[in-house]
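1. Structural data only, the sequence is not supplied:
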């Protein structure tokens, strides 16, 4: 099953990249579609972030959710330092501290 | 003589591509390592993780794959979400296609395979400073291969690291953290901010839907919201400038 997912994902991705270079797409993209595609990344990633951080065991969880303070602290570090490794390390460490000491 | 001259320029252009891509590796190296580690954490075999980096070759979309796969989504939902996330590459393909129209099919296939965010960004910058460049495909070959080799090596190192780290550490939280670092630069742009707020809220409000459909609905709503915000802002700008004229 996983191989099916990997191969179809790869095929989709390649065909998207090949679309105009290889002349698969007959005509240029309409301006509306082009403008909307500009928001794909932010929209998809945010949807995943929100459901990962705010939903625990299928429940929307605000109280007693150690992931929220850990995530916010990591976001502040990301805003200040713009450093991937530092941000992830801070977030993981903060989550660990929150889980073991506060909640 | 003329042939030899153009040969030199091709290799120069290729090396220039490698050099232009190099500074971006600061962001790519940790990303590849994280992907390798998370792939093992998600329960994939080292061979599956490695093959995914070769077949898909698209950073964020590969981590989304892991996230959905680990949560038990069907292969079709996993691959259609990966497909949607990577749709933005059609924009790059459209923008750069006119420069490659004379190339052979083999070249077009290789360059398409290598057309990632980072490689495209650097080659487009090269085209902006030098629009009439008949060997620009060597530049994309340079930026693309530089990224490809780095991505494969760091995936491999991440796999090694991942097999050494106990799964009980719960590194899954690194996924939303990684995505957050990608989104942070967009917060300052307000149509993107609207897209973020709408997509995040809807993902949570519809979280009880089956097959992770909430992600698809939230993503579409976020895209529409961002697009509408962009139109509203443009209209506002037009109003302000026409008012300015009449005064």
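-> Looks like it arrived, so ask away. Only a predicted model underlies this, so the values are computations on that prediction, with no experimental measurement involved.
2. Briefly note if the lengthiest helix in chain B comes near chain A.
-> Secondary structure of chain B read by DSSP state H shows that its longest helix is helix B:213-246. Yes - using Cβ under 8 Å from any Cβ of the partner chain as the criterion, contacts between helix B:213-246 and chain A involve B:214, B:215, B:218, B:219, B:220, B:221, B:222, B:223, B:224, B:226, B:227, B:230. C-beta here means a position set from N, CA and C on the backbone, and glycine is covered the same way.
3. for stretch B:72-81, same thing?
-> Yes - taking Cβ under 8 Å from any Cβ as the criterion, stretch B:72-81 and chain A are in contact, through B:75, B:76, B:78, B:79, B:80, B:81.
4. Which positions in that stretch come out as buried?
-> By neighbour count with 16 or more other Cβ atoms under 10 Å in any protein chain shown, stretch B:72-81 contains the buried residues B:73, B:75, B:77, B:78, B:79, B:80, B:81.
5. picking up where we left off before, need the residues of stretch B:72-81 next to chain A in TSV (columns: pLDDT and secondary structure).
-> What follows is the residues of stretch B:72-81 next to chain A, written out as TSV (pLDDT from 0 to 100; DSSP: H, G, I helix; E, B strand; the rest coil):
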residue	pLDDT	secondary structure
B:75	92	helix
B:76	91	helix
B:78	93	helix
B:79	94	helix
B:80	90	helix
B:81	89	helix
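6. now, among those residues, which is nearest to residue B:141?
-> Proximity to residue B:141 was ranked across those by Cβ to Cβ; first place goes to residue B:79, at 27.8 Å.
7. Does the nearest residue to the closest one once chain neighbours are set aside belong to a helix, a strand or coil?
-> Among residues not flanking residue B:79 along the chain, residue A:8 sits closest, at 3.8 Å (Cβ to Cβ, 6 or more residues apart in numbering or on different chains). Per DSSP: H, G, I helix; E, B strand; the rest coil, the local secondary structure of residue A:8 is helix.
8. Report pLDDT for residue A:8.
-> The confidence metric pLDDT takes the value 97 at residue A:8.
9. same question, the one 4 residues further on
-> pLDDT recorded at residue A:12 is 96.
10. contacting residues around the spatially closest residue to it that is not a sequence neighbour?
-> Beyond its immediate neighbours in the sequence, the residue positioned closest to residue A:12 (Cβ to Cβ, 6+ apart) is residue B:83, lying 3.5 Å away. The contact partners of residue B:83, by Cβ atoms under 8 Å, 6 or more residues apart in numbering or on different chains, come to A:8, A:9, A:12, A:13, A:16.
11. Could you provide these in CSV, with additional columns for neighbour count?
-> Shown next, in CSV, are the contacts of residue B:83 (neighbours: other Cβ atoms under 10 Å in any protein chain shown):
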residue, neighbour count
A:8, 18
A:9, 27
A:12, 22
A:13, 27
A:16, 25
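12. Make CSV out of those and add distance to residue B:239.
-> What follows is the contacts of residue B:83, written out as CSV (distance: Cβ to Cβ, whole Å):
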residue, distance to residue B:239
A:8, 46
A:9, 44
A:12, 41
A:13, 41
A:16, 37
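13. Which pLDDT value goes with residue B:131?
-> At residue B:131, the model reports a pLDDT of 84.
14. gap between stretch B:150-167 and the chain center?
-> Its chain's average C-alpha position is 20 Å from that of stretch B:150-167, according to Cα atoms, centre = their mean, to the nearest Å.
15. nearest residue to residue B:115 other than its sequence neighbours?
-> What sits nearest to residue B:115 in space, not counting adjacent residues and going by Cβ to Cβ, 6+ apart, is residue A:17, at 4.3 Å.
16. got it, and residue A:22?
-> Ranked by Cβ to Cβ, 6+ apart and with sequence neighbours excluded, the top spatial neighbour of residue A:22 is residue B:108, at 5.2 Å.
17. ok so residue B:89 is a strand residue?
-> No - when classified by three-state DSSP, residue B:89 is found to be helix rather than part of a strand.
18. so where's chain A uncertain?
-> Confidence mapping of chain A against pLDDT under 70 gives the ranges A:103.
19. Would you state the strands of it in chain order?
-> A:55-56, A:59-60 (DSSP state E).
20. Relative to residue A:93, which of those is closest?
-> Of all the strands of chain A, it is strand A:55-56 that lies closest to residue A:93, at 19.6 Å by Cβ to Cβ.
21. which regions of chain B lie under the pLDDT threshold?
-> Counting by pLDDT under 70, chain B shows low-confidence ranges at B:1-8, B:167-170, B:240-247.
22. Of all the residues in it, which one is nearest chain A?
-> When you check chain B against chain A by Cβ to the nearest Cβ, the closest residue turns out to be residue B:222, at 3.0 Å.
23. what's in contact with stretch B:24-38?
-> By Cβ under 8 Å, 6+ apart, the list of residues contacting stretch B:24-38 reads A:84-85, A:88, B:49, B:53, B:59, B:62-63, B:66, B:118, B:121-122, B:146-147, B:150-151, B:153-162, B:165, B:171-172, B:174-175, B:178.
24. make that stretch A:44-59, sorry
-> A:60-62, A:65, A:67-68, A:71, B:60, B:64, B:67, B:81, B:84-85, B:172-173, B:175-176, B:179-180, B:182-183, B:195-196, B:199-204, B:207-208, B:212, B:214-215, B:218-219, B:222.
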